[in-house]
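> predicted structure and sequence below. I'll ask about it afterward.
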Amino acid sequence: MRLVFVGPPGAGKGTQAENIIFRYKPVHLSTGDMLRAARDAKTEVGLQADKYMSSGQLVPDDVIIGIISERLKNDDCKQGFLLDGFPRTIAQAEALDQMLSDAKTPLDTVLELKVPDGELRKRLAGRGRKDDAPEAVEERIRGYHTITSPLLEYYGKKGLLKTIDGLGAVTDIFERIIKVLDSCR
Ligand code: ADP
(Lines give C-alpha, C1' and ligand atoms only; values in the text may rest on other atoms or scores of the structure.)
Protein backbone atom coordinates (compact mmCIF):
# COMPACT_ATOMS: atom_id res chain seq x y z
CA MET A 1 0.00 0.00 0.00
CA ARG A 2 1.47 3.33 -1.11
CA LEU A 3 -0.14 6.28 0.59
CA VAL A 4 0.18 10.02 0.92
CA PHE A 5 -1.22 11.63 4.05
CA VAL A 6 -2.21 15.30 3.72
CA GLY A 7 -3.56 17.63 6.36
CA PRO A 8 -2.89 20.94 8.10
CA PRO A 9 -0.52 21.19 11.07
CA GLY A 10 -2.28 19.89 14.15
CA ALA A 11 -4.78 17.76 12.22
CA GLY A 12 -3.61 14.63 14.02
CA LYS A 13 -1.65 13.10 11.16
CA GLY A 14 1.11 11.87 13.46
CA THR A 15 -1.33 10.03 15.73
CA GLN A 16 -3.28 8.47 12.88
CA ALA A 17 -0.08 7.65 10.99
CA GLU A 18 0.98 5.50 13.97
CA ASN A 19 -2.35 3.66 13.84
CA ILE A 20 -2.04 3.11 10.09
CA ILE A 21 1.52 1.80 10.44
CA PHE A 22 0.48 -0.62 13.15
CA ARG A 23 -2.42 -2.04 11.17
CA TYR A 24 -1.18 -2.00 7.56
CA LYS A 25 2.63 -2.07 8.05
CA PRO A 26 3.78 0.45 5.45
CA VAL A 27 7.07 2.23 6.13
CA HIS A 28 6.47 5.61 7.79
CA LEU A 29 8.18 8.43 5.89
CA SER A 30 7.62 11.63 7.89
CA THR A 31 9.56 14.54 6.44
CA GLY A 32 9.02 16.52 9.67
CA ASP A 33 10.63 13.68 11.68
CA MET A 34 13.47 13.36 9.16
CA LEU A 35 14.21 17.08 9.26
CA ARG A 36 14.05 17.24 13.06
CA ALA A 37 16.45 14.27 13.28
CA ALA A 38 18.82 16.01 10.82
CA ARG A 39 18.58 19.22 12.83
CA ASP A 40 19.28 17.45 16.14
CA ALA A 41 22.23 15.60 14.58
CA LYS A 42 23.47 18.99 13.35
CA THR A 43 24.05 17.78 9.80
CA GLU A 44 24.50 20.42 7.12
CA VAL A 45 21.02 19.80 5.70
CA GLY A 46 19.57 19.83 9.21
CA LEU A 47 21.10 23.16 10.16
CA GLN A 48 19.95 24.69 6.86
CA ALA A 49 16.43 23.32 7.33
CA ASP A 50 16.19 24.59 10.92
CA LYS A 51 16.17 28.19 9.70
CA TYR A 52 12.96 27.53 7.80
CA MET A 53 11.34 25.19 10.29
CA SER A 54 11.65 27.43 13.33
CA SER A 55 9.80 30.25 11.56
CA GLY A 56 7.10 27.96 10.20
CA GLN A 57 8.26 28.19 6.59
CA LEU A 58 8.71 25.34 4.18
CA VAL A 59 12.16 23.98 3.50
CA PRO A 60 13.10 24.56 -0.20
CA ASP A 61 11.67 22.00 -2.62
CA ASP A 62 15.02 20.77 -3.95
CA VAL A 63 16.22 19.94 -0.43
CA ILE A 64 13.19 17.92 0.56
CA ILE A 65 12.83 16.28 -2.87
CA GLY A 66 16.46 15.16 -2.61
CA ILE A 67 15.87 13.63 0.82
CA ILE A 68 12.73 11.76 -0.26
CA SER A 69 14.07 10.48 -3.56
CA GLU A 70 17.03 8.92 -1.73
CA ARG A 71 14.79 7.48 0.96
CA LEU A 72 12.35 5.91 -1.52
CA LYS A 73 15.22 3.95 -3.09
CA ASN A 74 15.66 2.05 0.15
CA ASP A 75 14.57 -1.59 -0.02
CA ASP A 76 12.17 -1.31 2.91
CA CYS A 77 9.88 0.90 0.80
CA LYS A 78 9.00 -2.14 -1.32
CA GLN A 79 6.59 -3.22 1.42
CA GLY A 80 4.65 0.02 0.86
CA PHE A 81 4.93 3.42 2.48
CA LEU A 82 3.00 6.19 4.12
CA LEU A 83 4.29 9.60 3.11
CA ASP A 84 3.52 12.00 5.94
CA GLY A 85 4.30 15.68 5.34
CA PHE A 86 5.39 15.17 1.73
CA PRO A 87 4.45 16.36 -0.85
CA ARG A 88 3.55 19.81 0.44
CA THR A 89 3.80 21.77 -2.81
CA ILE A 90 2.71 21.07 -6.39
CA ALA A 91 6.39 20.95 -7.43
CA GLN A 92 6.98 18.25 -4.81
CA ALA A 93 3.92 16.31 -6.00
CA GLU A 94 5.14 16.42 -9.58
CA ALA A 95 8.60 15.26 -8.53
CA LEU A 96 7.03 12.42 -6.57
CA ASP A 97 4.91 11.39 -9.58
CA GLN A 98 8.05 11.25 -11.66
CA MET A 99 9.93 9.12 -9.11
CA LEU A 100 7.03 6.71 -8.70
CA SER A 101 6.30 6.37 -12.40
CA ASP A 102 10.00 5.70 -13.06
CA ALA A 103 9.84 2.94 -10.46
CA LYS A 104 6.42 1.72 -11.74
CA THR A 105 5.00 2.00 -8.24
CA PRO A 106 2.10 4.48 -8.42
CA LEU A 107 0.24 5.80 -5.39
CA ASP A 108 -2.84 3.91 -4.25
CA THR A 109 -4.53 6.59 -2.18
CA VAL A 110 -4.13 10.13 -0.88
CA LEU A 111 -5.77 10.62 2.50
CA GLU A 112 -6.76 14.11 3.52
CA LEU A 113 -7.34 14.67 7.23
CA LYS A 114 -9.65 17.65 7.40
CA VAL A 115 -9.86 19.91 10.49
CA PRO A 116 -11.08 23.54 10.69
CA ASP A 117 -8.51 26.25 11.49
CA GLY A 118 -10.05 27.23 14.84
CA GLU A 119 -9.64 23.69 16.11
CA LEU A 120 -6.04 23.55 14.80
CA ARG A 121 -5.10 26.68 16.75
CA LYS A 122 -6.58 25.22 19.91
CA ARG A 123 -4.71 21.93 19.48
CA LEU A 124 -1.35 23.49 18.57
CA ALA A 125 -1.51 25.95 21.47
CA GLY A 126 -1.50 22.98 23.81
CA ARG A 127 1.32 21.02 22.14
CA GLY A 128 4.46 23.06 22.89
CA ARG A 129 6.82 21.82 20.16
CA LYS A 130 9.72 24.12 19.27
CA ASP A 131 7.97 25.40 16.11
CA ASP A 132 4.58 25.72 17.83
CA ALA A 133 5.09 29.37 18.83
CA PRO A 134 1.93 31.33 17.88
CA GLU A 135 3.51 33.23 14.94
CA ALA A 136 5.02 30.04 13.51
CA VAL A 137 1.65 28.27 13.89
CA GLU A 138 -0.13 31.03 11.96
CA GLU A 139 2.53 30.87 9.26
CA ARG A 140 2.13 27.09 8.94
CA ILE A 141 -1.66 27.30 8.76
CA ARG A 142 -1.46 30.07 6.17
CA GLY A 143 1.15 28.09 4.23
CA TYR A 144 -1.12 25.07 4.27
CA HIS A 145 -4.00 26.96 2.69
CA THR A 146 -1.98 28.78 0.07
CA ILE A 147 0.76 26.31 -0.87
CA THR A 148 -0.35 22.83 0.16
CA SER A 149 -4.12 22.78 -0.33
CA PRO A 150 -3.83 22.96 -4.17
CA LEU A 151 -2.63 19.37 -3.82
CA LEU A 152 -6.18 18.39 -2.93
CA GLU A 153 -7.37 19.40 -6.36
CA TYR A 154 -4.29 17.89 -7.97
CA TYR A 155 -4.94 14.48 -6.44
CA GLY A 156 -8.70 14.86 -6.71
CA LYS A 157 -8.39 15.09 -10.49
CA LYS A 158 -6.33 11.92 -10.48
CA GLY A 159 -9.11 10.18 -8.56
CA LEU A 160 -6.80 9.41 -5.63
CA LEU A 161 -8.16 11.74 -2.95
CA LYS A 162 -10.13 10.45 0.03
CA THR A 163 -11.18 13.04 2.61
CA ILE A 164 -11.51 12.03 6.26
CA ASP A 165 -13.29 14.14 8.87
CA GLY A 166 -10.56 14.79 11.47
CA LEU A 167 -12.90 15.93 14.26
CA GLY A 168 -13.90 13.67 17.11
CA ALA A 169 -12.28 10.88 19.10
CA VAL A 170 -8.99 9.42 17.86
CA THR A 171 -10.53 5.93 17.63
CA ASP A 172 -13.54 7.18 15.65
CA ILE A 173 -11.28 8.97 13.20
CA PHE A 174 -9.21 5.82 12.77
CA GLU A 175 -12.40 3.83 12.07
CA ARG A 176 -13.11 6.26 9.21
CA ILE A 177 -9.60 5.72 7.88
CA ILE A 178 -9.93 1.93 8.10
CA LYS A 179 -13.15 2.05 6.08
CA VAL A 180 -11.40 3.93 3.30
CA LEU A 181 -8.19 1.88 3.30
CA ASP A 182 -9.93 -1.50 3.51
CA SER A 183 -12.09 -0.58 0.54
CA CYS A 184 -9.14 0.33 -1.67
CA ARG A 185 -6.98 -2.71 -0.94
P1 ADP B 1 3.44 20.27 10.75
O2 ADP B 1 2.61 19.36 9.90
O3 ADP B 1 3.00 20.29 12.17
O4 ADP B 1 3.63 21.65 10.17
P5 ADP B 1 5.85 18.62 10.22
O6 ADP B 1 6.40 17.85 11.39
O7 ADP B 1 5.26 17.84 9.10
O8 ADP B 1 4.90 19.69 10.85
O9 ADP B 1 7.00 19.56 9.60
C10 ADP B 1 7.70 20.49 10.40
C11 ADP B 1 8.43 21.49 9.51
O12 ADP B 1 9.35 20.80 8.64
C13 ADP B 1 7.53 22.29 8.55
O14 ADP B 1 6.99 23.41 9.17
C15 ADP B 1 8.53 22.63 7.44
O16 ADP B 1 9.37 23.71 7.82
C17 ADP B 1 9.40 21.40 7.35
N18 ADP B 1 8.88 20.44 6.33
C19 ADP B 1 8.37 19.20 6.56
N20 ADP B 1 8.00 18.61 5.42
C21 ADP B 1 8.27 19.47 4.41
C22 ADP B 1 8.10 19.47 3.00
N23 ADP B 1 7.55 18.42 2.36
N24 ADP B 1 8.49 20.57 2.29
C25 ADP B 1 9.05 21.61 2.90
N26 ADP B 1 9.23 21.70 4.23
C27 ADP B 1 8.85 20.65 5.00
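The structure has been received and is ready for your questions.
> quick one, grab the pLDDT at whichever residue of the chain sits closest to the ligand.
Using CB to the nearest ligand atom, the single residue of the chain nearest to the ligand is Gly32, 1.9 Å away. In this view, the C-beta of every residue, glycine as well, is placed from N, C-alpha and C. For Gly32, the pLDDT comes out at 93.
> what about it, distance to Pro9?
Going from Gly32 to Pro9 by CB to CB, to the nearest Å gives 9 Å.
> more neighbours, these two?
Pro9 (25 against 18; other CB atoms under 10 Å).
> about what we covered before: quick one: the residue of the chain closest to the ligand and Gly85 touch, right?
Yes. In this structure, Gly32 is within contact of Gly85 by CB atoms under 8 Å, at 4.7 Å.
> so what sits against both of the two?
Shared contacts of Gly32 and Gly85, defined by CB atoms under 8 Å, 6 or more residues apart in numbering, are absent.
> give me the below-cutoff pLDDT ranges for the chain.
For the chain, no stretch has pLDDT under 70.
> what residues of stretch 36-50 count as buried?
Residues of stretch 36-50 classed as buried: Arg36, Ala38, Arg39, Val45, Gly46, Gln48, Ala49, Asp50 (neighbour count, 16 or more other CB atoms under 10 Å).
> same question, stretch 161-172
Under 16+ other CB under 10 Å, the buried positions of stretch 161-172 are Leu161, Lys162, Thr163, Ile164, Gly166.
> give the contact list for Gly166.
With CB under 8 Å, 6+ apart, Gly166 has these contacts: Gly7, Ala11, Gly12, Leu113, Lys114, Val115, Ile173.
> now the last one, what's its secondary structure?
Read it as Ile173. Classification of Ile173 using DSSP: H, G, I helix; E, B strand; the rest coil returns helix.
> that one contacts Gly12, correct?
Yes. The pair formed by Ile173 and Gly12 meets the contact definition of CB under 8 Å, at 6.7 Å.
> in a strand, Thr15, correct?
No. Assessed with three-state DSSP, Thr15 is helix; it does not lie in a strand.
> not counting sequence-adjacent ones, nearest residue to it?
Nearest non-adjacent residue to Thr15, counting by CB to CB, 6 or more residues apart in numbering: Val170, 5.9 Å away.
> one more: Leu72?
Met99 (6.0 Å).
> can you pull the contacts of the closest residue to Gly7 other than its chain neighbours?
In space, and not counting its chain neighbours, Gly7 is closest to Leu113: 3.5 Å by CB to CB, 6+ apart. By CB under 8 Å, 6+ apart, Leu113 lies in contact with Phe5, Val6, Gly7, Ala11, Gly12, Lys13, Gln16, Ile164, Gly166, Ile173.
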